[in-house]
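S.K.: Fold the stuff below for me.
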Amino acid sequence: MSFLTSMQTGGRGYADMTIAPLLDEAGRVACLSATGTDATERRRVEERLRLLDDIGEATRIAAEPKAIMEGATRLLGEHLGATRVAYADLEPDNDRFTIRHDWTEPGAFSTVGVYSLDLFGSRATSNLRVGRTLVVNDVDAELAPDDGADMFNQIGIKAIICCPLVKQHRLVALMAVHQRTPRRWSEDEIALVDAVVERCWAHIERVRSTEALREADRHKSEFLATLAHELRNPLAPIRNGLEVLRISEGQPAATAKVRAMMERQVGQMVHLVNDLLDIARVSTGKVVLKVERITLQAVVASAVETSLPLLEAAHHTLQLRMPEQAVWLDVDLVRMSQVLSNLLSNAAKYTPGAGRIAVEAELEGGEVLIRVSDTGIGIAPEAIASIFDMFTQVERSLDRSKGGLGIGLSLVRHLVALHGGTVGAESRGPGQGSSFTVRLPVAQAVAAPPPAPAATAADPGIQAQGLRILLVDDNTDAADSLASLLEAAGHTVCTVYDGGEALRLAPSFAPDLAFLDIGMPGMDGYQTARALRALPQLDGLRLAALTGWGAAEDRVRSREAGFDHHLLKPASPEQLAQLLSFTPRGEG
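M.R.: Down below sits the predicted model:
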């Protein structure tokens, strides 16, 4: 009979020993025979795997990154008999790292904080960035004072393993093991630290991803609830207004007041939908700026004109302080006006009635600073960092809700960034007002101002000369209401509700202009447009898409289908007037 045992040899080695008896001729045990094999590597692998399993089990159910860091650093530190084990994340600038947590032996101090990678010294930093582990057995013997030795001596460390983790060619995390005395690190110990930082980071990213999904789901639920609320807000007065119009026949004053109110509410709904579309386009990189050289003063004037009804409705006082000289910018006038009008609208909504709102601008180097400030409800310090995030609102409580989907400031940030600028927010706290500052580069070379547009006749509005108009939309209410508007303006309208009927009637009706909805069942607007273009008797027909689809790819498809114009529902009277102001075939 023989048996197997393991035993520790001198130092940190292990051996597997097989002991068997040797018998004499009488069958008695004469002596014992022992043979051994080196089991050091196997035992070290087993210990490493056991530690990694322990770390995995300790962090498996962790619900936050700190718990993972606490478990991993403690188990590794105790296993190695180290002075300190620290886990660090790299900051977005990739030049600083933050030690989120460290485990220390009794008597050692914590090093939690933010540090520059340069503290390791140039040689070590360059290696860490590409994923090469920093191993120092004796700080004083191996490092120069200005190449990391001073930093390590300040925290009482004489030996270190620092394992970097590089993902997609970018340094993302570090795990460091510190020893207060010189120590010759083994290859097994270095490999163990490398494996722990990999697993620790993977667990942390899993937890962060789960939390991000929960947060996104929460934002989605809040967004849908807010969207429903925001759509009901204008719909309620519109419905009430319709009833008032019904019972107020023959009362011009009441009718005019209700009509103005309904126009404002429809404008709010259009603004809401446009913001949704804009943030979707910006987020997917589909916004193309139409940059022109224009003065800051013109941009501000355009924004104020857009926001003035909201400011006046709340009886706010608006102060403008602009530079006396013209400040030239290379910007998209519509988009930059949208930025400032969003800031002004926010200020108006979140400032109690009869407040003060100011728009100030000043030059600073090669930039212009545009500041929109108010005397409103202010912003809590903890909310400043997230105020430009999607679906974030200044105030979420029901009694202070001022409307909005929480996308306005996110849109502002994206549009300003597209112009090469930045935007920031400041507030002294709740009830102390707030200030938003937009920084934009000033145009490098001042161009001569464009010539003033030639004087034109008064805008004829929708009352242009009579046209023959084909109107095709499967939404009968939308089609009939637009037809009534066009007929009241003196145009002859043929209204149909599907593409096939449009093709049947178009040759005999001979329209000058056709409005086509895109999303119709059966034959959609694109197919209808192509079919109309193929009819020789309709040569010269103008086609206008009137649709709720307004993304860049939708406009490209409409052009390819033969449309001359692409209008978003609901088209404004100004858009209709511009489109209708042409000479019909056979006249002029």
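S.K.: Now Ala348: closest residue in space that isn't a chain neighbour?
M.R.: Nearest residue to Ala348, sequence neighbours excluded (CB to CB, 6 or more residues apart in numbering): Leu310, at 4.6 Å. Just so you know, the C-beta spots here come from the backbone N, C-alpha and C atoms, and that holds for glycine as well.
S.K.: scratch that, Ser373
M.R.: Among residues not flanking Ser373 along the chain, Ser435 sits closest, at 4.0 Å (CB to CB, 6+ apart).
S.K.: go on, Asp118?
M.R.: Once flanking residues are discounted, Asp118 sits nearest to Thr125: 6.2 Å by CB to CB, 6+ apart.
S.K.: Wasn't that neighbour part of a strand?
M.R.: No: read with DSSP: H, G, I helix; E, B strand; the rest coil, Thr125 is helix and lies in no strand.
S.K.: Do I have it right that it meets Ser116?
M.R.: No: the pair Thr125 / Ser116 is not scored as a contact, 9.1 Å apart, by CB atoms under 8 Å.
S.K.: more crowded one of the two?
M.R.: Thr125 (19 against 12; other CB atoms under 10 Å).
S.K.: Please report the distance of that one from Asn153.
M.R.: From Thr125 across to Asn153, the span is 18 Å (CB to CB, to the nearest Å).
S.K.: residue ranges with poor pLDDT in the stretch 151-300 of the chain?
M.R.: Counting by pLDDT under 70, the stretch 151-300 of the chain shows low-confidence ranges at 222-223, 225-230, 232-233, 271, 279-286.
S.K.: Do you have the helices of it handy? List them.
M.R.: 187-247, 252-283, 296-313 (DSSP state H, counting those that start in this stretch).
S.K.: right, so the ones you listed: which one is the most enclosed?
M.R.: Stretch with highest mean neighbour count among the helices of the stretch 151-300 of the chain: helix 296-313 (a mean of 18; mean count of other CB atoms under 10 Å).
S.K.: tell me which element the residue nearest to Asp389 when sequence neighbours are not counted is part of?
M.R.: Excluding the flanking residues, the one nearest Asp389 by CB to CB, 6+ apart is Ser410, at 6.4 Å. Using DSSP states H and E, the element containing Ser410 is helix 408-418.
S.K.: Report the buried residues of the following helix or strand past that helix.
M.R.: Later in the chain than helix 408-418, the nearest helix or strand by DSSP H and E is strand 422-426. For strand 422-426, a neighbour-count test (16 or more other CB atoms under 10 Å) marks Val423, Ala425 as buried.
S.K.: next one: stretch 318-330
M.R.: Neighbour counts over stretch 318-330 (16+ other CB under 10 Å) mark Leu318, Met322, Val327, Trp328, Leu329, Asp330 as buried.
S.K.: want to throw those residues into JSON lines with distance to Gly148, secondary structure and pLDDT?
M.R.: JSON lines is the format used below for the buried residues of stretch 318-330 (distance: CB to CB, whole Å; DSSP: H, G, I helix; E, B strand; the rest coil; pLDDT from 0 to 100):
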{"residue": "Leu318", "distance to Gly148": "58", "secondary structure": "strand", "pLDDT": "94"}
{"residue": "Met322", "distance to Gly148": "53", "secondary structure": "coil", "pLDDT": "94"}
{"residue": "Val327", "distance to Gly148": "49", "secondary structure": "coil", "pLDDT": "94"}
{"residue": "Trp328", "distance to Gly148": "50", "secondary structure": "strand", "pLDDT": "95"}
{"residue": "Leu329", "distance to Gly148": "47", "secondary structure": "strand", "pLDDT": "95"}
{"residue": "Asp330", "distance to Gly148": "47", "secondary structure": "strand", "pLDDT": "95"}
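S.K.: for the residues you listed, which one is nearest Ala348?
M.R.: Leu318 (9.2 Å; CB to CB).
S.K.: close enough to count as contact, the closest one and Ile357?
M.R.: Yes: the pair Leu318 / Ile357 is scored as a contact, 5.3 Å apart, by CB under 8 Å.
S.K.: Show me where the stretch 1-150 of the chain has its strands.
M.R.: Here the stretch 1-150 of the chain has its strands, by DSSP state E, counting those that start in this stretch, at 3-8, 14-23, 29-38, 84-90, 96-104, 113-116, 134-136.
S.K.: Those strands: lowest mean pLDDT?
M.R.: Lowest mean pLDDT within the strands of the stretch 1-150 of the chain: strand 3-8, a mean of 50.
S.K.: Tell me which of the helices of the stretch 151-300 of the chain approaches Leu143 most closely.
M.R.: Checking those against Leu143 by CB to CB gives helix 187-247 as the closest, at 17.5 Å.
S.K.: Quick one: list the elements packing against the closest one.
M.R.: Helix 187-247 is packed against helix 40-59, helix 65-80, strand 159-167, strand 170-179, helix 252-283, with contacts defined by 3 or more CB pairs under 8 Å, 6 or more residues apart in numbering; DSSP states H and E.
S.K.: For the stretch 451-588 of the chain, which segments are assigned as strands?
M.R.: Going by DSSP E, counting those that start in this stretch, the stretch 451-588 of the chain shows strands at 468-472, 492-496, 513-516, 542-547, 565-568.
S.K.: now Ala256: how far from Asp374?
M.R.: Remark: distance between Ala256 and Asp374 (CB to CB) = 32 Å.
S.K.: swap in Leu516?
M.R.: Leu516 is 45 Å from Asp374, by CB to CB.
S.K.: Ser386 is in contact with the residue nearest to Asp389, correct?
M.R.: No: at 10.4 Å, Ser410 and Ser386 do not qualify as touching, with contact defined as CB under 8 Å.
S.K.: Who has more neighbours out of those two?
M.R.: Shown here are Ser410 and Ser386; by other CB under 10 Å, Ser410 has more neighbours (20 against 10).
S.K.: what about the stretch 301-450 of the chain, any weak spots by pLDDT?
M.R.: 390-407, 445-450.
S.K.: Alright, that wraps it up for me.
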